[in-house]
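Trainee: attaching a predicted model along with its sequence, questions to come.
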Amino acid sequence: MNLIQIMKLRVGVASFVFMFLLILSFNNHVEASKIDSKIYKSIYNYSACVLLTNATHQVGCTSKMKGNQGVLHLVNTNADVEFITGKGTQGPYVPLLNNSMFIEPVMKKLMDSNQISGVLVIHDEFSKNPDGGEFSPDTSCPMDNFGMYSNNTEYGSCKKIEWNPIGNGMSFVYYGVPIFLLQNNEEIESLVECFRKYNRPHSNGKQSYPLCSVEMKDFMFAAKDTPTCRRKTEMGNPIQNTYCDPLGDSNIFGTLLPTTGKLPSNDVIMVTTKMDSTGFFHDHSLAVDNGVTGIVTLLSVAYALGEYKRKMIKANKTEELSKLRPIAFTLFNGESWDYIGSSKMVYDMENNAFPSKGDYKLDDPKLSSYASKIKLKNLAYFIEIGQVGVGNEVYAHTDPISQENQFVKDRIDTILDQLSSSARNSSTDFNVVDRSSKQPLPPASFQRFLRSRKDIAGVVLTDHETSFSNKYYNSRFDNAANLDIKLEKTNGSFVELQSPILSKLANLSETIANAVYLLASDGQPPSEKILVPRNMSANLLYCLVYAANCPSFKEILGRKSGPLPTAPLSRYISVNQLDNPITQLLNRLLSYYTGEWLPEANCTKALRKKTLPEVYSYDIVQGSGSNFTCVRSSVYNTPAVSPAFELMDYTSTDYSTWAESMWYSDIGIQMYLKGDPAIEGVILGSGIVIFIISFGAVYFINKKATTLFSPNVLVING
């Protein structure tokens, strides 16, 4: 074999090796997912704790960029906590906490130990609730810094009354590790079984390999505070990264009758409630008492007054309606985060920008179809519906500071008189908090209005006289069980809600509806009693607490609407870049309840495109009959974003500065078995030795190839 043949042989061998490695790498790529699934088991059903920032600090959770790993340890008792913080030697750990152990003292002890890299929380609505029946991760004096009593020496910082005495403040702590809520029983059981099989300590307290471990990815882009993350977002960067976005969405505002032209002072009656909810895990907070009961009551009031309006129009009694003061309904969004929605509405009213921007003249005949501008001076009466689900009583709270003005005090007397008389006719257990005690208002949107203008007469309706009756304020346990709401199956696929609050909410709605009419008519009673359908509270509760694909929500779907989910919709405000489904549904529902119901042909394509400042909006909905209905109403979405972001004042002490961090899309949880590091070291060392020997052998063979692969040459002398 000559030299050329040898070179060809070496090239052929190299080509064969290259092709073999290429095929092998392709095969490895194909098999990678199979190998990954054999090593890791993903957890799919969870709610993540995310990172939020405000003017001064950050709160919430985050992982390292590549995720956090730790050994799983089931925590059912304090002894399990002691094991992690003291006896355990295989840290860092990822504690798997049950409901009763995810409380502030336990979390503080775990975090202070520096022995954990993340936390998993089991959520089972039917298991024991924490602290023997009370748990609130909010503060004991919610949103005090942004209400009307901020910096007030007599009423500020809850000096008179602590509204949420059980509040532990967990929602406003920065943990610096990922925390996930688990909801699927099968996945929870697989984690528990993995712990019991591999991680349960021996009699000597030691654990042996392999160990069941967890990887948690929840890396958040934001850091430090809102001024920092907004500055990084707004400054030029090569990859156009967004580090955080302001919390924001839309308020829902509407009037019973269209309001056009210039409004007189002290004319508008406002009926309001909050529509958002929050908890430690934002998307897992139904807020049944602190939210749903207010929404249900307001919508029932709107329906009752809207139905009365439709009857009067049908009977050609519009003259009675024309004499009414403007009645406005508002669902505020973002109130859980330092009054985002109400502060934005007040800001816009102060700047001649509500319900829409634009400096148009309402006395211009060409603009007769434009909605009236509403300013703070136009507000006459304010009725806010707060937490009203616990117990049988309803309490009316008033502000002691504004009542120092006799004009305001007289108007508050008028509100209370009308509510009291209507309550007697509707079997509502109505009470007024002792005004001589000078007890301040509880946390309420109305505080933001009084903070700017103290001559507005108003009341806040709640189920508590002093501190909150709701023992699960802004927590995931403010659910159906908190108000003893039960779902019973009846004939076939029908279900029936059972709860003592159903009649309470119906009676209260009827009370408010009739009182509001009397305020709007200056005491002139309606032609007939304004009634609330007895099943309305149950229907709306079912939609908001159990399933969005409910009859009441289906009535407001359009021809091209997609299917509704079988679970309740989240009411967390989220960031202003997203369309929140619950906001759109509640807007359509308020439009449907307060609007006129016309034949579908009345909703032309041109009319359906009309938006503010036009006074009318048009929607086609399925309705309750066999034909689709055209709804003409005066209901709009208005911005619910803190003015701090409009002013770019990220250190504001007047307005909310809450922003939510952005995160990677690979957020998630994986379970796997962790091997013995000593054995892994031996395997690694052996691999290195084999590699060195192999490398040396290949080098030697390559260097001696001409000798090793050259045949002996036999020379024959002729």
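Mentor: Structure's in. What do you need?
Trainee: which regions of the chain sit below the pLDDT cut-off?
Mentor: 1-37, 125-132, 237-240, 490-493, 708-718 (pLDDT under 70).
Trainee: tell me the domain ranges of it?
Mentor: 3-39+679-708, 43-243+666-675, 266-578 (automatic domain parsing).
Trainee: now for the residue lying closest to residue 156 once chain neighbours are set aside, how many residues are close by?
Mentor: Nearest-residue entry for residue 156: residue 149, 4.7 Å, with adjacent residues in sequence omitted and distances by Cβ to Cβ, 6 or more residues apart in numbering. From N, CA and C alone the C-beta is placed, and that goes for glycine too. Neighbours of residue 149 under the rule other Cβ atoms under 10 Å: 23.
Trainee: any idea how far residue 149 lies from residue 436?
Mentor: Per Cβ to Cβ, to the nearest Å, residue 149 is found 19 Å from residue 436.
Trainee: and residue 570, how many residues sit next to it?
Mentor: Neighbour tally, residue 570, other Cβ under 10 Å: 18.
Trainee: what helix or strand is it on?
Mentor: When secondary structure is defined by DSSP states H and E, residue 570 falls outside every helix and strand.
Trainee: same deal with residue 301?
Mentor: helix 293-314.
Trainee: now residue 272
Mentor: Short version: residue 272 belongs to strand 268-274, going by DSSP H and E.
Trainee: neighbouring strands - and their directions - for that strand?
Mentor: strand 327-332 (parallel), strand 379-385 (parallel) (DSSP bridges).
Trainee: could you dump the ones you listed to CSV with mean neighbour count?
Mentor: Below are these laid out as CSV (neighbours: other Cβ atoms under 10 Å):
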stretch, mean neighbour count
strand 327-332, 25
strand 379-385, 25
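Trainee: out of those strands, flag the one nearest residue 462.
Mentor: strand 379-385 (8.5 Å; Cβ to Cβ).
Trainee: next secondary structure after that closest one?
Mentor: Toward the C-terminus, strand 379-385 is succeeded by strand 393-397 as the next helix or strand (DSSP H and E).
Trainee: that following strand versus helix 293-314: what angle between them?
Mentor: 90 degrees (axes from the mean of the first three to the mean of the last three Cα atoms, to 10 degrees).
Trainee: list the strands paired with strand 393-397, with their directions.
Mentor: strand 429-432 (parallel), strand 457-462 (antiparallel).
Trainee: list the buried residues of stretch 347-361.
Mentor: Buried residues in stretch 347-361, counted by 16 or more other Cβ atoms under 10 Å: 347-349, 353-356.
Trainee: same check, this time on stretch 685-701
Mentor: Per 16+ other Cβ under 10 Å, stretch 685-701 contains no buried residues.
Trainee: from the chain's centroid, how far away is it?
Mentor: Here stretch 685-701 is found 58 Å from its chain centre; the criterion is Cα atoms, centre = their mean, to the nearest Å.
Trainee: against residue 118, how distant is residue 478?
Mentor: Residue 478 is 26 Å from residue 118, by Cβ to Cβ.
Trainee: try residue 377
Mentor: From residue 377 to residue 118 the distance is 53 Å (Cβ to Cβ).
Trainee: same thing with residue 223?
Mentor: Counting by Cβ to Cβ - residue 223 and residue 118 are separated by 19 Å.
Trainee: of those two, who's got more company?
Mentor: Shown here are residue 223 and residue 118; by other Cβ under 10 Å, residue 118 has more neighbours (26 against 15).
Trainee: just give me the neighbour total for residue 410.
Mentor: 11.
Trainee: er, residue 470 actually
Mentor: Neighbours of residue 470 using other Cβ under 10 Å come to 28.
Trainee: what are the phi and psi values for it?
Mentor: phi -70, psi 110 (degrees, to the nearest 10).
Trainee: about what we covered before: distance between the helix holding residue 301 and the chain's centre?
Mentor: The mean C-alpha position of helix 293-314 is separated from the chain mean by 27 Å, Cα atoms, centre = their mean.
Trainee: and after that helix, which helix or strand comes next?
Mentor: helix 318-322.
Trainee: secondary structure class for residue 373?
Mentor: coil (DSSP: H, G, I helix; E, B strand; the rest coil).
Trainee: what sits closest to it if chain neighbours are left out?
Mentor: For residue 373, the spatially nearest residue (Cβ to Cβ, 6+ apart) is residue 352, at 6.0 Å.
Trainee: can you report how many residues neighbour the spatially closest residue to residue 596 that is not a sequence neighbour?
Mentor: Using Cβ to Cβ, 6+ apart and skipping the chain neighbours, the partner closest in space to residue 596 is residue 632 (4.7 Å). The tally of other residues near residue 632 (other Cβ under 10 Å) stands at 17.
Trainee: surely residue 632 and residue 594 touch.
Mentor: No - counting by Cβ atoms under 8 Å, residue 632 stays clear of residue 594, with 10.3 Å between them.
Trainee: quick one on the thing from earlier: would you turn the strands paired with strand 268-274 into TSV with distance to residue 302?
Mentor: What follows is these, written out as TSV (distance: least, Cβ to Cβ, whole Å):
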stretch	distance to residue 302
strand 327-332	5
strand 379-385	11
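Trainee: got the CA positions of the host helix or strand of residue 250 in CSV?
Mentor: Secondary structure assigned from DSSP H and E places residue 250 in strand 248-255. What follows is strand 248-255, C-alpha atoms only, in CSV (Å, rounded to 0.1, in the frame of the first residue of the first chain):
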residue,chain,number,x,y,z
GLY,A,248,-53.8,48.7,34.7
ASP,A,249,-57.0,47.9,32.8
SER,A,250,-60.4,49.7,32.5
ASN,A,251,-63.1,50.9,34.8
ILE,A,252,-66.6,50.3,33.7
PHE,A,253,-68.8,53.4,33.9
GLY,A,254,-72.4,53.9,32.7
THR,A,255,-75.5,56.0,33.2
